[in-house]
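A.B. asks: output the structure for:
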Amino acid sequence: MNKALDITPVILCGGSGTRLWPLSRRQLPKQYLTLYGNNTMLQETILRLKGLSNLADPIIVCNVDHRFLVAEQCHQIDIKKPTILLEPVGRNTGPAIAAAAIQSLKQKNNSVLLVLSADHIIKNVDAFYQAINVANQQAQKGKLITFGIVPTNANTGYGYIRSSKKNIDGAYKVQEFVEKPNEENAKKYLELGNYLWNSGIFMFKPDLFVDELNIFSSDTVKLVADAINNAKQDLDFIRLEKKAFESCSSNSIDCMLMEKSKKLVVVPLNAGWSDVGSWSTLYDISEKDSSGNVLKGDITVKDTTNTYIFSDDRMIAAVGLDNLVIIDTPDVTFIASQDKAHEVNSIVESLKNNNRNEVHFNSQVFRPWGWYESIQSTPYFQVKRLNIKPGGKLSLQLHYKRSEYWVVVRGIATVINGEKKLTLMTGESTYVPLESIHSLANNTKEVLEVIEVQSGSYLGEDDIVRFEDIYGRID
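C.D. replies: Below is the predicted model:
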């Protein structure tokens, strides 16, 4: 048997709209949240591969707005050299995976690529490794591999893959991709035994993938290659060239290639997989207390059963409830019965139609120096909490339309304010008037927290003129 190829994980983080409950300004897409286990879903996706001996640093494809968050979460789990590709616009999984494959070839990486979504849960890691090893051997034989989840019930929420019944070294020929079935067909698929849930997990050699995709979607290959070849290096990120990438057809990799290729095989995966598509799904897979409850946060309950309660930052008290989902965030509280929780999307559409900011605006924004959180905002003033990591520094800048007032609440701040250079201790403050050149830095080994009060005729983030930036930011 040939030696197994090195494996490069390709982590797809999805677009800005991939959320379990896109109702709160604080909430990020689910892959960046700690919903199951001790780490965020992105971190769990990377960490569960640590037991593979032939593992390379990952390629991560993410939305440009989440780049600093992705970099920080990689740093937290000691991933030192990830390749982070920034999508200027979302174009579904086809162009995203193509970008990772072409970038891999550009880096002269001879690894096989293991394509994973950042929002999946896999409980049985040993079974996952066994399936990966089978797929790795198939990749050496010139195959594209998709992983099919062995169904545990007649689920109507997933697409299915109909496989041959002949086992060839642990893999099966793919005979058909099937759309999400009705309940009757789902039960029939479960009885037949050769129908698997379509997981969206793939494995292949990048050169084979590009060659196959060139047969069925040559325009995508050309445009993505242009986006890679004309990409800009921005700090530790690779910004795909916008014009070429947004010209790509927005389509899934299944439609672009997998449903058409004659080189595709499926490897069954029976490893406690879930894509966490709803709060009810998360409730089902989470450990429950003796009353059947899943309680995340500061929760006090009495006579409450079979209920999922999540609190972002304040206490929730519940009495006499059953079979509910309660999600509390600083801006919105979402309450639904377990069987209706997935209908949150209909609420979101209603909010979009009414132009509600809750759908579009996140109050916590990540930057290379740390992050800031909007505490209160009006047309004339805004209050922010700045969290500046050790060694972090905001750019030397000025504003034409707003003044700022800084109060240090934790740590030691090094400040330039016009012609003054200041060292501010906890409890000390400074006022930054209009058009005053200023900067804020943390030159210590501890976190610096500052409350910033902005006031003026315009408070947008584009009212900024940068004179010096240690990160060399494009934006």
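
A.B. asks: let me know the helix or strand that the closest residue to Gly277 other than its chain neighbours is in.
C.D. replies: Once flanking residues are discounted, Gly277 sits nearest to Gly157: 6.6 Å by C-beta to C-beta, 6 or more residues apart in numbering. From N, CA and C alone the C-beta is placed, and that goes for glycine too. Of the helices and strands defined by DSSP states H and E, none includes Gly157.

A.B. asks: with only the CA atoms kept, save the least confident helix or strand in the chain by mean pLDDT in CSV.
C.D. replies: When the helices and strands of the chain are scored by mean pLDDT, DSSP states H and E, helix 344-353 comes last with a mean of 79. Only the C-alpha atoms of helix 344-353 are listed here, as CSV (Å, rounded to 0.1, in the frame of the first residue of the first chain):
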residue,chain,number,x,y,z
VAL,A,344,-36.3,32.1,13.0
ASN,A,345,-35.5,32.8,9.4
SER,A,346,-39.0,34.0,8.8
ILE,A,347,-38.6,36.5,11.6
VAL,A,348,-35.3,37.7,10.1
GLU,A,349,-37.0,38.2,6.7
SER,A,350,-39.6,40.3,8.4
LEU,A,351,-37.0,42.4,10.2
LYS,A,352,-35.1,42.9,6.9
ASN,A,353,-38.3,44.1,5.2
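
A.B. asks: and it, what's buried?
C.D. replies: Neighbour-count burial for helix 344-353 flags Val344, Ile347, Val348, Leu351 (criterion: 16 or more other C-beta atoms under 10 Å).

A.B. asks: before we move on, what about stretch 52-61?
C.D. replies: Leu52, Leu55, Ala56, Asp57, Pro58, Ile59, Ile60, Val61.

A.B. asks: show me how far that stretch is from its chain's centre.
C.D. replies: The chain centroid and the centroid of stretch 52-61 are separated by 17 Å, computed with C-alpha atoms, centre = their mean, to the nearest Å.

A.B. asks: ditto for stretch 76-96
C.D. replies: Stretch 76-96 has its C-alpha centroid displaced from the chain centroid by 9 Å (C-alpha atoms, centre = their mean).

A.B. asks: buried ones in that stretch?
C.D. replies: 79, 82-88, 90-96.

A.B. asks: please apply the same query to stretch 309-320.
C.D. replies: Ile309, Phe310, Ser311, Asp312, Ile316, Ala318.

A.B. asks: wait, isn't Pro58 in contact with Val10?
C.D. replies: Yes. The criterion here is C-beta atoms under 8 Å, and Pro58 meets it with Val10 at 7.1 Å.

A.B. asks: what is the most widely separated pair among the buried residues of stretch 309-320?
C.D. replies: Greatest spatial distance among the buried residues of stretch 309-320 (C-beta to C-beta): Asp312 and Ala318, at 15.7 Å.

A.B. asks: quick one: the strands in the stretch 251-400 of the chain?
C.D. replies: With DSSP state E, counting those that start in this stretch, the ranges of strands along the stretch 251-400 of the chain come out as 264-269, 273-274, 294-296, 299-302, 308-311, 316-319, 324-328, 333-337, 364-367, 370-377, 381-388, 396-398.

A.B. asks: could I get those as TSV with mean pLDDT?
C.D. replies: Shown next, in TSV, are the strands of the stretch 251-400 of the chain (pLDDT from 0 to 100):
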stretch	mean pLDDT
strand 264-269	98
strand 273-274	94
strand 294-296	93
strand 299-302	96
strand 308-311	91
strand 316-319	96
strand 324-328	91
strand 333-337	90
strand 364-367	84
strand 370-377	89
strand 381-388	96
strand 396-398	96
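
A.B. asks: turn those strands into TSV, columns for distance to Ser104.
C.D. replies: Shown next, in TSV, are the strands of the stretch 251-400 of the chain (distance: least, C-beta to C-beta, whole Å):
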stretch	distance to Ser104
strand 264-269	19
strand 273-274	25
strand 294-296	37
strand 299-302	45
strand 308-311	37
strand 316-319	46
strand 324-328	38
strand 333-337	40
strand 364-367	26
strand 370-377	31
strand 381-388	35
strand 396-398	38
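
A.B. asks: show me the helices in the stretch 201-350 of the chain, by range?
C.D. replies: 206-216, 218-229, 242-246, 253, 279-285, 344-353 (DSSP state H, counting those that start in this stretch).

A.B. asks: so which of those is the most packed in?
C.D. replies: Comparing these by mean neighbour count (mean count of other C-beta atoms under 10 Å), helix 253 ranks first with a mean of 25.

A.B. asks: give me the domain ranges for this structure.
C.D. replies: 7-274, 279-353, 364-468 (automatic domain parsing).

A.B. asks: got the end-to-end distance for the shortest one?
C.D. replies: When you say that, I think you mean domain 279-353. 24 Å (C-alpha to C-alpha, to the nearest Å).

A.B. asks: can you check stretch 302-309 too?
C.D. replies: Stretch 302-309 end-to-end distance (C-alpha to C-alpha) = 13 Å.

A.B. asks: who's in contact with that stretch?
C.D. replies: Stretch 302-309 is contacted from outside by 279-280, 282-283, 286, 291-297, 299, 301, 316, 318-326, 328, 338, using C-beta atoms under 8 Å, 6 or more residues apart in numbering.

A.B. asks: make sure the residue nearest to Gly277 is actually in contact with Lys180.
C.D. replies: Yes. Judged on C-beta under 8 Å, Gly157 makes contact with Lys180 at a distance of 6.5 Å.

A.B. asks: ok, back up a step: how about the strands of the stretch 251-400 of the chain, which one is nearest Val409?
C.D. replies: For Val409, the closest of the strands of the stretch 251-400 of the chain is strand 381-388, at 8.3 Å, according to C-beta to C-beta.

A.B. asks: what is the closest one packed up against?
C.D. replies: strand 370-377, strand 438-441, strand 448-456 (3 or more C-beta pairs under 8 Å, 6 or more residues apart in numbering; DSSP states H and E).

A.B. asks: dump the shortest one to PDB, keeping only the CA atoms.
C.D. replies: C-alpha atoms of strand 438-441 as PDB (Å, rounded to 0.1, in the frame of the first residue of the first chain):
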ATOM      1  CA  HIS A 438      -4.000  60.900  18.100                       C
ATOM      2  CA  SER A 439      -3.200  57.300  18.800                       C
ATOM      3  CA  LEU A 440      -3.700  54.800  21.600                       C
ATOM      4  CA  ALA A 441      -1.300  51.900  22.400                       C
END
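
A.B. asks: run through who's touching that strand.
C.D. replies: Contacts of strand 438-441 (C-beta under 8 Å, 6+ apart): 386, 388, 392-398, 404, 406, 413-418, 432, 450, 468.

A.B. asks: try it again at 7 Å.
C.D. replies: Residues from elsewhere that reach strand 438-441, judged by C-beta atoms under 7 Å, 6 or more residues apart in numbering: 388, 393-398, 406, 413-417, 432, 450.

A.B. asks: do the same with the longest one
C.D. replies: Residues from elsewhere that reach strand 448-456 (C-beta under 7 Å, 6+ apart): 380-388, 401-413, 440, 442.

A.B. asks: residue most distant from the centroid, this structure?
C.D. replies: Distance from the C-alpha centroid of the chain, by C-alpha atoms, centre = their mean, peaks at Glu419 (42.3 Å).

A.B. asks: for His438, see how far away that residue is.
C.D. replies: According to C-beta to C-beta, to the nearest Å, Glu419 and His438 sit 11 Å apart.
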